[in-house]
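**Q** build me a model:
(one chain, ligands or ions: 1)
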Amino acid sequence: MRLVRFTSGNITSFGVLEGEQIRQLAGDPYSEIKESGESFALADVKLLAPVEPKKIVLVGLNFASHAAEIHQETPSEPLIFFKPTSAIVASGEAIVLPHQSKQVEIEAELTVVIGKRANNIAQENVGDYILGYTVANDVTARDIQFADLQWARSKAFDSFCPVGPWIETDFVPDNKRISSTINGETKQDASTSEMVYSPEFLISYISQNFTLEPGDIVLTGSPAGISRVVAGDVVQCSIEGIGTLHSFVK
Ligand code: MG
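**A** Sure thing, here's the model as predicted:
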């Protein structure tokens, strides 16, 4: 099932996307997926980012290929950091280059959407706490990442977290292609099976350190091929079995 968030007139809702139609949900999809009985044509609405998280949690250096290209070792435990929720933009919206950086790069990442409050969850039970998966781009000002002691500023600029276009609830993250293009040219092309730590392991690990809330998202790390973008570029981040997140750069 594809879950979207959309706006039409003065309505903002979650919905189930099937073909070109959206069936509106009565509330949010976290406690139960209950339809309102109303439906909308996809062409008549604006799709929003499919989540409104309280936290954006990210995992660094979770592909050996990416760790190597930025001259880092893969960590002996997951490396966890955050982005502010103010960085979120929807599919189809702009990544805005900040004047502070001369090296803004894209990172396509498989993204877990939490469905249920998760605290200290065993790995075998993690599936009960995942609503589904989406695509996100961990946009990074690489020059600032290495100039600052902390990664926070380099990852946090407004628009540095494109997410979407929807949540796929039936996705299984076993061996799925994860890729990105800039102006149609492939930059990243890998398999989710290359991750150092699996999404299930990561959600369990994170939940043992702090509580994940419904709607929180976890970006599970980028494969090699991170590439600089400049104004005018068109970026696509794709995950087989979910879909394609579209952005443009300005
Ligand atoms: Mg990343």
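**Q** the helix-or-strand element of the chain with minimal mean pLDDT close to the ion?
**A** Every helix and strand of the chain was ranked by mean pLDDT, DSSP states H and E. The lowest is helix 64-69, at a mean of 91. No. Counting by C-beta under 5 Å from the ion, the ion has no neighbours in helix 64-69; the shortest distance is 7.7 Å. From N, CA and C alone the C-beta is placed, and that goes for glycine too.
**Q** which residues does the helix or strand just after that helix contact?
**A** Downstream of helix 64-69, the first helix or strand assigned by DSSP states H and E is strand 79-83. Outside strand 79-83, the residues that touch it by C-beta atoms under 8 Å, 6 or more residues apart in numbering are 55-62, 138, 151-152, 155-156, 160-161, 206, 209.
**Q** run the last query once more with 7 Å
**A** Residues outside strand 79-83 that contact it (C-beta atoms under 7 Å, 6 or more residues apart in numbering): 55-61, 151, 155-156, 160-161, 206.
**Q** leaving aside the residues next to it on the chain, what's closest to whichever residue of the chain sits closest to the ion?
**A** For the chain and the ion, the shortest gap (C-beta to the ion) falls at residue 138, measuring 3.4 Å. Setting aside the residues directly before and after it, residue 138 is nearest to residue 107 in space (C-beta to C-beta, 6 or more residues apart in numbering), at 4.0 Å.
**Q** shouldn't the one you found be in contact with residue 142?
**A** No. Between residue 107 and residue 142 there is no contact under C-beta atoms under 7 Å: 9.9 Å.
**Q** common neighbours of those two, please.
**A** Contact criterion C-beta under 7 Å, 6+ apart; residues shared by residue 107 and residue 142: none found.
**Q** which one's more surrounded, the two?
**A** For residue 107 versus residue 142, the count of surrounding residues by other C-beta atoms under 10 Å is larger for residue 107: 25 against 17.
**Q** interface residues of the protein facing the ion?
**A** Going by C-beta under 5 Å from the ion, the residues of the chain near the ion are 107, 138, 222.
**Q** could I get those residues as CSV with pLDDT and secondary structure?
**A** Shown next, in CSV, are the residues of the chain next to the ion (pLDDT from 0 to 100; DSSP: H, G, I helix; E, B strand; the rest coil):
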residue, pLDDT, secondary structure
107, 97, coil
138, 98, coil
222, 95, coil
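**Q** in this protein, which spans are helices?
**A** 64-69, 142-147, 152-156, 199-209 (DSSP state H).
**Q** make a markdown table out of those and add distance to residue 88.
**A** Listed next are the helices of the chain as a markdown table, based on distance: least, C-beta to C-beta, whole Å:
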| stretch | distance to residue 88 |
| --- | --- |
| helix 64-69 | 22 |
| helix 142-147 | 19 |
| helix 152-156 | 11 |
| helix 199-209 | 19 |
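**Q** looking at these, spot the one closest to residue 30.
**A** helix 199-209 (15.4 Å; C-beta to C-beta).
**Q** mind listing what's buried along the closest one?
**A** Buried residues in helix 199-209, defined by neighbour count with 16 or more other C-beta atoms under 10 Å: 199, 200, 202, 203, 204, 205, 206, 207.
**Q** helices or strands up against it?
**A** Judged by 3 or more C-beta pairs under 7 Å, 6 or more residues apart in numbering; DSSP states H and E, helix 199-209 is in contact with strand 108-114, strand 217-219.
**Q** enumerate every residue touching residue 166.
**A** Residue 166 neighbours (C-beta under 7 Å, 6+ apart): 2, 3, 4, 17, 50, 134, 243.
**Q** all set, thanks.
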